[in-house]
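Asks: Fold the stuff below for me.
(chains A and B)
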Amino acid sequence: EPEVTQTPSHQVTQMGQEVILRCVPISNHLYFYWYRQILGQKVEFLVSFYNNEISEKSEIFDDQFSVERPDGSNFTLKIRSTKLEDSAMYFCASSGTRLAGYYEQYFGPGTRLTVT
Amino acid sequence: ELKVEQNPLFLSMQEGKNYTIYCNYSTTSDRLYWYRQDPGKSLESLFVLLSNGAVKQEGRLMASLDTKARLSTLHITAAVHDLSATYFCAVDPGAQKLVFGQGTRLTINP
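Replies: This is a model prediction of the structure:
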């Protein structure tokens, strides 16, 4: 069964460094998303991406963040100049064509980012 | 701004008992999802509810949606230890994103 994959599973970085989190969405999907979950808290939407551009973003997704689909398979989240509060689990998700009035999102296993 | 609230946030129950988790949301939507998350793991889709009055059941879990009351419930029947996890509801406001509730951490004791 197709699935969303993410690398790395765990990333440790120092405050102020740049990190790139990578995702490979399900191959025929068209919509891509990033969410984050601070330990013990709820899952928060960051950004959605369609047709090579951002379609929606949250207040969290400020100039520190960027997304890119550099080729036909990868979807990346870049965090410039990481802060301690960026420590969280980051989930990538993808969805395909609209079926029965909704887009079901499939989540990857997550990347745990630890900023020290 | 859409708000999604779950209660209770923590639930400790005994095996064999029944209980209900509630999910309230603040603006109109007819698409609601329930997910399960085990510690350190990703989100596993449980139910997709797409219309008022929708009811879905899988094993000991049953979910329902009342769009007029902006309320969804996840009912657990005769709980077993394997159902211990955190359960999230999420609402699709039609903007290509999901807004999640805070999660309900369910612990089922033998």
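Asks: hang on, A:Glu85 is in a strand, isn't it?
Replies: No. A:Glu85 is assigned helix when assessed by DSSP: H, G, I helix; E, B strand; the rest coil, not a strand.
Asks: show me the contacts for it.
Replies: For A:Glu85, the contact set (C-beta atoms under 8 Å, 6 or more residues apart in numbering or on different chains) comprises A:Val115. For every residue, glycine as well, the C-beta is placed using N, CA and C.
Asks: And it, how far from A:Ile79?
Replies: A:Glu85 sits 11 Å away from A:Ile79, going by C-beta to C-beta, to the nearest Å.
Asks: Equivalent analysis for B:Ser64, please.
Replies: Taking C-beta to C-beta as the measure, B:Ser64 falls 39 Å from A:Ile79.
Asks: Can you pull the residues of chain B lying near chain A?
Replies: By the rule C-beta under 8 Å from any C-beta of the partner chain, the part of chain B lying against chain A is B:31, B:41-43, B:45, B:48, B:50, B:88, B:90, B:92, B:95-103.
Asks: And the residue positioned nearest the centre of chain A, what's its pLDDT?
Replies: The C-alpha lying nearest the average C-alpha coordinate of chain A belongs to A:Trp34 (C-alpha atoms, centre = their mean; 2.8 Å). Note on A:Trp34: pLDDT of 98.
Asks: For stretch B:10-24, give me every contacting residue.
Replies: Taking C-beta under 8 Å, 6+ apart as the criterion, the residues outside stretch B:10-24 that touch it are B:4-8, B:32, B:34, B:70-81, B:87, B:89, B:101, B:104-110.
Asks: Going through those residues, which ones are buried?
Replies: Using 16 or more other C-beta atoms under 10 Å in any protein chain shown as the burial test, the contacts of stretch B:10-24 include B:4, B:6, B:32, B:34, B:70, B:72-74, B:76, B:79, B:87, B:89, B:101, B:104-106, B:108 as buried.
Asks: Okay, and which of those residues map to strands?
Replies: With DSSP state E as the criterion, strands contain B:4, B:6, B:32, B:34, B:72-74, B:76, B:87, B:89, B:104-106, B:108 from among the buried ones among the contacts of stretch B:10-24.
Asks: I'd guess the residue nearest to the centre of chain A is in a helix, am I close?
Replies: No. A:Trp34: not assigned to a helix; according to three-state DSSP it is strand.
Asks: Might one say that it is in contact with A:Ser94?
Replies: No. Assessed by C-beta atoms under 8 Å, A:Trp34 is found out of contact with A:Ser94, at 10.6 Å.
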